[in-house]
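**Q** sequence? don't have it. structure:
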Ligand code: XMP
């Protein structure tokens, strides 16, 4: 039986981070909406209540029946979770005289309490709340304070209940990992046995059981998630897995051949389909970004579907969906629960059963599983790349010549990042072909050619991003190389927009 911590999500932006921190302690956890506790699951060893954008006394505040949890499992409330435990038990929570944000130091810490073992006075914690706990329920004691916040942490005397007003999950809480470890390992008794290797072992066994002798088809994109899913399935069912890699003609330079060689080296049964003529024909003259995306999305489904039908008796469609795609997140504005989504419209179209072996993993865990499966590092560390490929990096209509120009420029930029040891420091990088021409001079000749923009960003999840502060010497070299070597380009710019308000891709 899988032992697990349940994290009840009350809508905080850091709920996923709590999940990642618990997983980093080699403990399996699941993030569930605040009102969907799995009472029947015998594997649950502890519960964490997340923060929330609401105040506990708001009419719309998310509430759950804590009496069914307290006494049955150890419970840790974080921020709103702590306030809810206190408020629900008869304590009081009020707006703080001033909102408390940012770093604070513990001025008192009862290190004899199991939650605070090893967490000394002076430890840095991160506050982010507008309310404060002004009195605790009977039987609860303050176990930590800061100069500003009297009740920074509390514990119940008789029940296994704890609350912290700060956020142990964020990087700036220097004692956060220790605190979560005290809870997960010390208090809940986790065996800390969740690892890439244990995941592979149990998943391969489960896939064999689930799929038996059935045939499975999977779409490869060259990205990390679909590649790891394929290698894992290949380990489980071998030749019953057929992978399909569609070349829509808008991949990076030599990418189709290189990735196919990687896949074959991994022993995958992979069919490569060059469908570029179809895509270039359908995209001819189309300039509107959404139309381009729609044409490529539909074209991809059609090609994949036709190819999959050539395989006899396929029963399953496998996808590299990962945990952040599946978590039912709470909308901040109200009570609607967004249902989880899948990228692409394949499942609806194909009428196959869906197999998603990575749906419980965070991105960094997918990489760890890839490594444990022996996949090459360059596949595992690849930057994300959009499904529609270079089509969304060519502003205006798409032609083979424009794709060629962009591939050459992109290749110089990306190889440069690798050579200068910068590739792993950025989340994602690429070149955008702009629909403008400008005047330049080469030798004694006047030129009138295209401008390209370089884009490189740092990010942790692509939801927000900052432009990467690349060294000037590097940018000077890349700019020179592109202008000298790529026919048709005479000007290079660098995109210094963050997301928001810009996005990572230009279209
Ligand atoms: P934006 O441009 O929205 O991109 O800031 C966020 C991340 O998503 C990638 N992206 C896509 N990935 N299909 C994909 O598989 C798409 O249609 C798509 N559009 C954007 C983008 O490269 C970035 O990593």
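**A** Here it is on my side, so go on. What you see is a predicted model, and the numbers here were worked out from it, not measured in a lab.
**Q** could you list every residue that touches residue 398?
**A** 250, 280, 283, 284, 286, 292, 391 (C-beta atoms under 8 Å, 6 or more residues apart in numbering). For the C-beta atoms, the positions are set from N, CA and C on the backbone; glycine is no exception.
**Q** separation between it and residue 405?
**A** According to C-beta to C-beta, to the nearest Å, residue 398 stands 11 Å off from residue 405.
**Q** same deal with residue 246?
**A** Separation of residue 246 from residue 405 (C-beta to C-beta): 23 Å.
**Q** try residue 223
**A** Noted for residue 223: a distance of 24 Å to residue 405, by C-beta to C-beta.
**Q** Compare the two (neighbour count), which wins?
**A** For residue 223 and residue 405, the more surrounded residue by other C-beta atoms under 10 Å is residue 405, and the numbers stand at 22 against 17.
**Q** just checking, that one touches residue 490?
**A** No - between residue 405 and residue 490 there is no contact under C-beta atoms under 8 Å: 11.5 Å.
**Q** joint contacts of those two?
**A** residue 450.
**Q** Buried residues of the helix or strand that residue 317 is a member of, list them for me.
**A** If you go by DSSP states H and E, residue 317 is part of strand 314-318. For strand 314-318, burial by neighbour count (16 or more other C-beta atoms under 10 Å) applies to 314, 316, 317, 318.
**Q** Could you do stretch 234-243 as well?
**A** The neighbour-count check on stretch 234-243 (16+ other C-beta under 10 Å) flags 234, 235, 236, 237, 240, 241, 242, 243 as buried.
**Q** ok, the residue nearest to residue 187 when sequence neighbours are not counted - how many residues close by?
**A** Among residues not flanking residue 187 along the chain, residue 74 sits closest, at 4.9 Å (C-beta to C-beta, 6 or more residues apart in numbering). Look at residue 74: counted by other C-beta under 10 Å, it has 23 neighbours.
**Q** got it, and residue 306?
**A** Counted by other C-beta under 10 Å, the residues lying close to residue 306 total 12.
**Q** buried residues in the strand or helix carrying it?
**A** Using DSSP H and E, the element containing residue 306 is helix 289-308. Neighbour counts over helix 289-308 (16+ other C-beta under 10 Å) mark 289, 292-293, 295-297, 299-301, 303-304, 307-308 as buried.
**Q** Now flag whichever of these is closest to the ligand.
**A** Taking C-beta to the nearest ligand atom as the measure, the ligand sits nearest to residue 293 out of the buried residues of helix 289-308, at 6.0 Å.
**Q** So what does the residue lying closest to that closest one once chain neighbours are set aside look like in phi/psi?
**A** Nearest non-adjacent residue to residue 293, counting by C-beta to C-beta, 6+ apart: residue 388, 5.4 Å away. Note on residue 388: its backbone torsions stand at phi -70, psi 0 [degrees, to the nearest 10].
**Q** Now do the contacts for residue 388.
**A** Residue 388 touches 248, 250, 292, 293, 296, 297, counting by C-beta under 8 Å, 6+ apart.
**Q** Lovely, talk soon.
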